[in-house]
Structures are given as structure tokens and as C-alpha cells.
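Visitor: sequence plus predicted model, see below.
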Amino acid sequence: MKARYRHKKRGTTYEVLGKAEVQAPEDAPLIEGEIVVVYRCGQTGELWVRRPSEFHDGRFEQIINAE
């Protein structure tokens, strides 16, 4: 089972799908080879990516024993 999180301010839930390596040109805001967290919105199914330091900076809380 994938880890589930709730955005503290919005209340939106997300399922972390895993980590991915960025493949981007050098002038992109993300860096080639950088690792990001990939997660899916529970309400819309949209996929999002965020740097691990941003994902774990306190704006998301893990949902324990989510069914």
C-alpha cells in the first residue's frame, strides 16, 4: 500500500507513488538527475512532483491506517 498524505491547509489527500529522477535541460528550474517525490491527488487523479525537502517541510501530514 502506498503512503497517503493530507495537505494541512487545503485538506486534499494524496498518494505517494514513489520517487523519480528528473531529466531536464540545464536551464530548467529542476536539475538533471535531481530526485523528486511523485504523488497523485486523491480527488482528481492529477499527478504532481515536488522536491523531497518541500514535500516533507510540514505542509503535508501522513494519514496513518488509511483504507
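Guide: Right, received. Where do you want to start? Here the structure is a predicted model, which means the values were calculated and not measured.
Visitor: quick one, grab the pLDDT at A66.
Guide: Here the pLDDT value assigned to A66 is 52.
Visitor: what about I63, distance to L30?
Guide: The gap separating I63 from L30 is 27 Å, by C-beta to C-beta, to the nearest Å. In short, each C-beta sits where N, CA and C put it, glycine included.
Visitor: my error: substitute N65 in the last question.
Guide: Distance, N65 to L30, by C-beta to C-beta: 33 Å.
Visitor: how about G45?
Guide: 23 Å.
Visitor: which one of the two is surrounded by more residues?
Guide: Each of G45 and L30 has its neighbours counted (other C-beta atoms under 10 Å); L30 has more, 13 against 8.
Visitor: report the contact partners of the closest residue to the more buried one other than its chain neighbours.
Guide: Among residues not flanking L30 along the chain, V22 sits closest, at 4.6 Å (C-beta to C-beta, 6 or more residues apart in numbering). Counting by C-beta atoms under 8 Å, 6 or more residues apart in numbering, V22 touches A28, L30, I31, E32, G33, E34, I35, V36.
Visitor: and if you look at L17?
Guide: K2, V38, Y39, R40, L47.
Visitor: which helix or strand contains the second one?
Guide: Following DSSP states H and E, the helix or strand that holds V38 is strand 35-41.
Visitor: angle of the biggest strand by length in the chain against strand 35-41?
Guide: What stands out as the longest strand in the chain, according to DSSP state E, is strand 13-21. Orientation check (axes from the mean of the first three to the mean of the last three C-alpha atoms, to 10 degrees): strand 13-21 against strand 35-41 gives 150 degrees.
Visitor: quick one: average pLDDT of strand 13-21?
Guide: For strand 13-21, mean pLDDT rounds to 94.
Visitor: list the contacts for the spatially closest residue to G42 that is not a sequence neighbour?
Guide: What sits nearest to G42 in space, not counting adjacent residues and going by C-beta to C-beta, 6+ apart, is T13, at 3.9 Å. When contacts are counted by C-beta under 8 Å, 6+ apart, T13 touches R4, Y5, R6, H7, C41, G42, Q43, I63, A66.
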